[in-house]
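In: Quick one, what's the 3D model for this:
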Amino acid sequence: MAEQQITTVDELVALVGVPLPRVANKVRRELHELDREWLAASPFCLVATSNETGACDVSPKGDPPGQLVYVIDDRTIALAERPGNRRADGYKNVLGNPHVGLIFLIPGRGDTLRINGRARLVSDAPFFDAMMIKGNRPILALIVEIEEIFHHCAKAFLRSQLWRPDTWQDPVPSRPVIAKTLERSDQSLEELTAYYGTEYANRLY
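Out: Model (predicted):
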């Protein structure tokens, strides 16, 4: 069968249907107390960005619950940046295109919290002290001005069975093997296994 491409909104709507009014109208612009509770409980989020030409990036962010997000006010939140691989792909995108999309997860929960907005980068701010972990302040922070916020249903997590340990499989080679094959051919597997071992977790902050 030949590929049948969808090229118009009408074609898309004809396939997926029209959302119920309660779904179409659930988008808000300010944090509710329940949103604040969610953000305080979430240890993980995905940050989607794109540059001026539309090239996209999605970056995972993680910290202990209560440390991942700092709520500045009902329309503004901040995410801390910790030591990483220094690529800063998403942050470079933000400098050219401030629009971002965030998904906040809570382990074991199928529903998620989504925030879309405009972002900016700051190298210091008064709230950095509140985001310290193990005595280390953030390298920088991504401040997001909320334009849309809403809770998303659990269907994707139910379909994927993501939180069901009895379904988990790991047939993929280990991180040291992947690094040796694709990125660090000049290092031995023993060296990479040691690098990604216990000490790796000790260098998070």
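In: Look up how far residue 185 lies from residue 130.
Out: Here residue 130 is placed at a distance of 43 Å from residue 185 (Cβ to Cβ, to the nearest Å). Quick note: C-beta positions are derived from backbone N, CA and C, even for glycine.
In: Over to residue 103?
Out: Taken as Cβ to Cβ, the span from residue 103 to residue 185 is 35 Å.
In: Same question for residue 107.
Out: 35 Å.
In: who has more neighbours, those two?
Out: Using other Cβ atoms under 10 Å as the criterion, residue 107 and residue 185 rank with residue 107 on top: 11 against 8.
In: pretty sure that one contacts residue 165?
Out: No - Residue 107 lies out of contact with residue 165 (Cβ atoms under 8 Å); the separation is 11.6 Å.
In: Can you tell me the element residue 45 falls in?
Out: strand 44-50 (DSSP states H and E).
In: Give me the buried positions along that strand.
Out: Buried residues in strand 44-50, counted by 16 or more other Cβ atoms under 10 Å: 45, 47-50.
In: a markdown table for those, including pLDDT and distance to residue 180?
Out: Compiled in a markdown table, the buried residues of strand 44-50 are given as follows (pLDDT from 0 to 100; distance: Cβ to Cβ, whole Å):
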| residue | pLDDT | distance to residue 180 |
| --- | --- | --- |
| 45 | 98 | 30 |
| 47 | 98 | 29 |
| 48 | 98 | 30 |
| 49 | 98 | 30 |
| 50 | 98 | 32 |
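In: Strands of the protein, start to end?
Out: Assigned by DSSP state E, the chain shows strands spanning 44-50, 56-62, 69-73, 76-81, 99-105, 112-122, 140-152.
In: Identify whichever of these lies nearest to residue 173.
Out: With Cβ to Cβ as the criterion, residue 173 lies closest to strand 56-62 of these, at 20.3 Å.
In: Against which helices or strands is the closest one packed?
Out: The contact analysis (3 or more Cβ pairs under 8 Å, 6 or more residues apart in numbering; DSSP states H and E) places strand 56-62 against strand 44-50, helix 89-96.
In: Quick one: mean pLDDT for that strand?
Out: What strand 56-62 shows for mean pLDDT is 97.
In: Please apply the same query to stretch 142-156.
Out: Rounded mean pLDDT across stretch 142-156 is 97.
In: So that it lines up with my notes, have the first residue be 441 from now on.
Out: Noted, 441 is the first residue going forward, which turns the last one into stretch 582-596.
In: List the buried residues of it.
Out: Buried, per 16+ other Cβ under 10 Å, within stretch 582-596: 582-586, 589, 591.
In: try stretch 490-497
Out: Going by neighbour count (16+ other Cβ under 10 Å), the buried part of stretch 490-497 is 490-491, 497.
In: Any idea what the residue most central in space within the chain is bridged to?
Out: Centroid-nearest residue in the chain: residue 486, 1.0 Å away (criterion: Cα atoms, centre = their mean). Per DSSP bridges, the residues bridged to residue 486 are residue 500, residue 543.
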